[in-house]
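> Return atomic coordinates for the entry below.
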Amino acid sequence: GRVRLSRAAQHLRAALHGGLGAIDPVGQIIPAVAERWLVTDDGLSYIFRLRNSQWPSGDAITSGQVRLLLLDNIRRLQDTSLGYDLDKIVDVRAMTGRVIEINLSSPMPEFLRLLAQPELGLVHDGQGAGPMTGVRDEERARVRLVPMQPGMRGLPTFEEWEVNTRAVNLSSMQASDAVDAFASGELDLVLNGRITSFPLADTGPLSSGTIRIDAALGLFGLVIRSEEGLLAEAGRREALSMAIDRTTLMQPFNIDGWQSSFDIVPRGQWGDVLPEPIAWTSFSIEQRRSEARGRVEAWEATSGEEARLTIGMPNGPGSDLLFRQLARDLSAIGIEATMMEEGRGADLELFDPVARYASPRWFLNQFNCSIRSGPCSAEADELVAQSLSAADLTEKATLLAQAELELQDASVFIPFGAPIRWALVRGGVEGFAENPWGLHPLFPLSEPPI
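Alright, predicted model coming up:
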């Protein structure tokens, strides 16, 4: 079946099913099943040397197996946004017993980060490549994770390595239950907090722990799911984006340093080639709302209907706060908004994934027509596809910048700014750090201090 993992499942898979590389606590790429790699000067070939490591069964991990497992992972990710991210892979070859070569259609500086994603972890006969093994504790609905011995991981083994290692007990629970369990001392670490649950962490004196916020890279806004009625035309979809006051939108959350944005691709992701800014972003909020209200009123006059929309969001106090702000902004242009539970067919839905790697292509791939319900841009998809084989960096950037303009013209998404990810971390927990990717490896939590 196709691989679409929840955030909790990604954390578990990264611990049990290592890939060629892994992500460390601060978000850097480190060796995992591969002990080292080199990249050819043209950036088109990545050559990995595997460690002399074993599956939990004791069988050696070989390059032939790794090649087949990677190809299988890539096949299972087809028709997902991550599948499109992997489109630059042309060929995977097993060389001698412990060498793998991956060839790309054009250079991709962020390729190692992409390869370290949990979905590309290696599983052989139902067993992962580590660095941890897991045992389900059915009674307590959790997984107990313990480090594999160093020799199995292709590392020098040493006396008493187990003495300082700790097991990591992993549970999946609702945000409110997790915050309560943290406050009562039952949990040391809560991961994967989103904006929808943020007020839970922010209330009450959690003196026994600290809120840690990732300066996450990704998307945060409303994705448009309907192309009917009021939303049938791009200009009216754009009117919704014009109505939203991004300077006050997040004030109720009181998050220091949050960055708002009008763009799908954050401006900092572009190099020398920058797409033209959207014309109305230089207008005052009053000017923007006046123009937007005109478009809504013109539709009401011709359709004979009143402007109403539904917005889908997960249940949570953060959703309630955010919806209140959005409803206020939309009512300023004559639209009545109602909140619905996400996944129930709302006209618009909250969309806040964290980026897998830093490139305009990741942002653009999230709106590919083949994985979307709602308006999209075949022209944008075609430009992104052309960029895959563009060897010249300026040509590649120009194609991607044109793709963003096509998506903006199609008004498929209403950006707010950077996504919010938070964690609760008890003092004394070693091996946790904020990072822009919202993924926090579990293995370092178990490791002995060096």
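> ok, E110 to G229 distance?
From E110 across to G229, the span is 40 Å (CB to CB, to the nearest Å). For the C-beta atoms, the positions are set from N, CA and C on the backbone; glycine is no exception.
> Let me see the contact set for R356.
R356 makes contact with 82, 85, 113-114, 117, 362, 437, according to CB atoms under 8 Å, 6 or more residues apart in numbering.
> Got phi/psi on it?
When read as degrees, to the nearest 10, the backbone of R356 gives phi -80, psi -30.
> which of the contacts of R356 lies closest to V163?
Taking CB to CB as the measure, V163 lies nearest W437 of the contacts of R356, at 31.8 Å.
> thinking again about what came up before, how about TSV for the contacts of R356, with neighbour count and pLDDT added?
Compiled in TSV, these are given as follows (neighbours: other CB atoms under 10 Å; pLDDT from 0 to 100):
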residue	neighbour count	pLDDT
L82	20	93
D85	23	94
R113	20	95
L114	20	95
Q117	24	95
W362	23	96
W437	21	93
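> I'd like the distance from the closest residue to L155 other than its chain neighbours to E119, if you could.
Nearest residue to L155, sequence neighbours excluded (CB to CB, 6 or more residues apart in numbering): R51, at 7.5 Å. According to CB to CB, R51 and E119 sit 21 Å apart.
> who has more neighbours, those two?
The residue with more neighbours, out of R51 and E119, is E119; 22 against 18, by other CB atoms under 10 Å.
> wait, doesn't that one sit right on R13?
Yes. Using CB atoms under 8 Å, E119 makes contact with R13 at a distance of 7.2 Å.
> Quick check: neighbours shared by these two?
Common neighbours of E119 and R13 (CB under 8 Å, 6+ apart) are L5.
> Which pLDDT does the model give the residue sitting nearest the centre point of the chain?
With distances taken as CA atoms, centre = their mean, the residue of the chain nearest its centroid is V354 (2.7 Å). Predicted confidence (pLDDT) at V354: the value is 95.
> Check the gap between it and A391 for me.
From V354 over to A391 the distance is 29 Å, taken as CB to CB.
> what sits against the closest residue to H11 other than its chain neighbours?
Counting by CB to CB, 6+ apart, H11 lies nearest to L442, which is 6.0 Å off, once chain neighbours are set aside. Residues near L442 by CB under 8 Å, 6+ apart: 11-12, 14-15, 132, 145, 168, 170.
> L104: which of these is nearest?
Among these, and counting by CB to CB, the member closest to L104 is A14, at 23.2 Å.
> Pretty sure that closest one sits against P441.
Yes. At 6.0 Å, A14 and P441 qualify as touching, with contact defined as CB under 8 Å.
> So for these two, which residues contact both of them?
Counting by CB under 8 Å, 6+ apart, the common neighbours of A14 and P441 are 22-23.
> Same drill for the two, tell me which one is more crowded.
A14 (27 against 23).
> Enumerate every residue touching the more buried one.
22-23, 118, 121, 439, 441-442.
> could you point out which element follows the helix or strand it falls within?
Following DSSP states H and E, the helix or strand that holds A14 is helix 7-16. Counting by DSSP H and E, the next helix or strand C-terminal to helix 7-16 is strand 21-23.
> mind listing what that next one pairs with, with the direction of each?
Strands that pair with strand 21-23, judged by DSSP bridges, come out as strand 29-31 (antiparallel).
> Give me the buried positions along the partner strand.
By 16 or more other CB atoms under 10 Å, the buried positions in strand 29-31 come out as 29, 31.
> Return the distance of it from the chain's centre.
Relative to its parent chain, strand 29-31 has a centroid offset of 19 Å by CA atoms, centre = their mean, to the nearest Å.
> C-terminal to that strand, what's the next element?
strand 34-39.
> which residues are contacting that following strand?
With CB under 8 Å, 6+ apart, strand 34-39 has contacts from 20-21, 31, 45-51, 100, 112, 154.
> so of those residues, which ones are in helices?
L112 (DSSP state H).
> Quick check: the farthest pair among the contacts of strand 34-39?
Top of the distance list for the contacts of strand 34-39 (CB to CB): S45 and G154, 23.3 Å.
> Which one's more surrounded, these two?
Under the criterion of other CB under 10 Å, the comparison of S45 against G154 puts G154 first, with 21 against 16.
> So the more buried one versus F182, what's the distance?
Taken as CB to CB, the span from G154 to F182 is 36 Å.
> chain center to whichever strand or helix holds K396, what's the gap?
Assigned by DSSP H and E, K396 belongs to helix 393-410. Per CA atoms, centre = their mean, the displacement of helix 393-410 from the mean C-alpha position of its chain is 21 Å.
> after that helix comes which helix or strand?
Helices and strands here follow DSSP H and E; after helix 393-410, the next one along the chain is strand 413-415.
> and that next one, what other elements does it pack with?
Where contact means 3 or more CB pairs under 8 Å, 6 or more residues apart in numbering; DSSP states H and E, strand 413-415 is packed against strand 221-224, helix 234-243.
> got CSV for the ones you listed, with mean pLDDT too?
Output for these, formatted as CSV (pLDDT from 0 to 100):
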stretch, mean pLDDT
strand 221-224, 98
helix 234-243, 97
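> Using JSON lines, lay out those together with mean neighbour count and distance to F432.
Output for these, formatted as JSON lines (neighbours: other CB atoms under 10 Å; distance: least, CB to CB, whole Å):
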{"stretch": "strand 221-224", "mean neighbour count": "24", "distance to F432": "28"}
{"stretch": "helix 234-243", "mean neighbour count": "22", "distance to F432": "36"}
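> Per-residue pLDDT of P448, please?
As predicted, P448 sits at a pLDDT of 57.
> I meant V384, not that one.
For V384, the predicted pLDDT is 96.
> again, but for the one 3 residues further on
Model confidence at S387, expressed as pLDDT, equals 95.
> Check V3 too.
Confidence at V3, expressed as pLDDT, is 53.
> What of S207?
pLDDT, S207: 50.
> now do L439
For L439, the model assigns a pLDDT of 92.
> Helix, strand or coil: sort out D329 for me.
helix (DSSP: H, G, I helix; E, B strand; the rest coil).
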